[in-house]
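Participant: just the structure for this:
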Amino acid sequence: MSQPDSMVHVIDHPLVQHKLTLMRQKSASTTSFRTLLNELAMLMAYEVTRDMPLQDIEIETPLEKMTGRVIDGKKLALASILRAGTGLLDGFLAVVPGARVGHIGLYRDPATLQAVEYYFKMPKDMPERDVVVVDPMLATGHSAIAAITRIKATQPRSIKFVCLVSCPEGVKALREAHPDVELFTAAIDRQLNDHGYILPGLGDAGDRIFGTQ
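Facilitator: Now for the predicted structure:
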């Protein structure tokens with residue numbers, strides 16, 4: 001994208017970039033990949049939740065009463081795009097354990113590269129919730145666009161999309177389809193190949209998480 005986009009956030013913290021580089025390596029084992037992904041998700045969660053609303057509560061310290069501020073985690077819904085989104089989900093839940101969780105089952109048609117839905121389950125009372133959609137890769141953008149379109153039908157307060165690795169084609173497609181959705185990513189890679197994989201990327205995230213290569 002030629003112009004800076006305030007809705008696209010590349011999380012370039014040194015720890016995020018370090019762990020992403022280790023994950024990209026072909027030699028990384030399934031165990032190592034999972035561990036790094038969980039750690040990376042926790043680090044990214046801090047940035048993604050930076051503007052979460054706080055509420056005042058009265059507490060008592062060992063010395064006196066005071067008014068403190070807390071997050072209402074129950075107002076946050078994490079939406080995992082199956083199957084690879086599960087890898088990011090645990091890290092986010094470690095940071096905001098009170099969040100509710102929804103799942104969207106999508107697979108990519110190998111011929112058309114379009115997303116096909118096979119499962120959709122979201123928490124109740126979605127108009128009261130802020131949603132964070134998680135999926136490690138933003139390649140063609142078709143899965144992310146389809147998932148967000150379905151979630152929008154539940155009328156949540158807001159939607160953010162989080163991925164580890166994206167590419168210019170996917171970012172462009174998502175921004176055009178859903179210009180009101182903030183995008184958080186650890187990297188915008190060079191391009192897609194003819195099979196819809198990100199280059200240089202890190203391979204198939206689902207296969208690497210679950211050891212099904």
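Participant: so the residue nearest to residue 127 when sequence neighbours are not counted versus residue 101, what's the distance?
Facilitator: Nearest non-adjacent residue to residue 127, counting by Cβ to Cβ, 6 or more residues apart in numbering: residue 155, 4.9 Å away. Heads up, the C-betas are built off the backbone N, CA and C, glycines and all. As judged by Cβ to Cβ, to the nearest Å, residue 155 and residue 101 stand 18 Å apart.
Participant: so which of those two has more stuff around it?
Facilitator: residue 101 (15 against 10; other Cβ atoms under 10 Å).
Participant: could you pull out the helices for the chain?
Facilitator: 14-24, 30-48, 86-95, 142-152, 168-177, 205-210 (DSSP state H).
Participant: which other helices and strands contact the fifth one?
Facilitator: For helix 168-177, the elements it packs on are strand 137-138, helix 142-152, strand 182-188, strand 191-192, judged by 3 or more Cβ pairs under 8 Å, 6 or more residues apart in numbering; DSSP states H and E.
Participant: output these as CSV; include the columns mean pLDDT and mean neighbour count.
Facilitator: Shown next, in CSV, are the helices and strands packed on helix 168-177 (pLDDT from 0 to 100; neighbours: other Cβ atoms under 10 Å):
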stretch, mean pLDDT, mean neighbour count
strand 137-138, 94, 26
helix 142-152, 94, 21
strand 182-188, 97, 21
strand 191-192, 95, 16
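Participant: closest to residue 64 out of the ones you listed?
Facilitator: strand 182-188 (38.9 Å; Cβ to Cβ).
Participant: could you report the pLDDT at the residue of the chain most remote from its centre?
Facilitator: The centre of the chain is farthest from one residue, residue 63, which by Cα atoms, centre = their mean lies 40.8 Å away. On the pLDDT scale, residue 63 is placed at 97.
Participant: quick one: end-to-end distance for stretch 136-149.
Facilitator: Using Cα to Cα, to the nearest Å, the end-to-end distance of stretch 136-149 comes to 18 Å.
Participant: shaky segments in this structure?
Facilitator: Counting by pLDDT under 70, the chain contains low-confidence ranges at 1-4, 213.
Participant: can we see that at 90?
Facilitator: Along the chain, segments meeting pLDDT under 90 span 1-5, 50-55, 70-75, 82-87, 98, 106-117, 194-196, 203-213.
Participant: re earlier: closest to residue 80 out of the helices of the chain?
Facilitator: That would be helix 86-95 among the helices of the chain, by Cβ to Cβ, at 4.6 Å.
Participant: and that closest one, how far from the chain's centre?
Facilitator: Chain-centre distance of helix 86-95: 9 Å, with Cα atoms, centre = their mean, to the nearest Å.
Participant: got the angle for it vs helix 30-48?
Facilitator: On the basis of axes from the mean of the first three to the mean of the last three Cα atoms, to 10 degrees, helix 86-95 is oriented at 50 degrees to helix 30-48.
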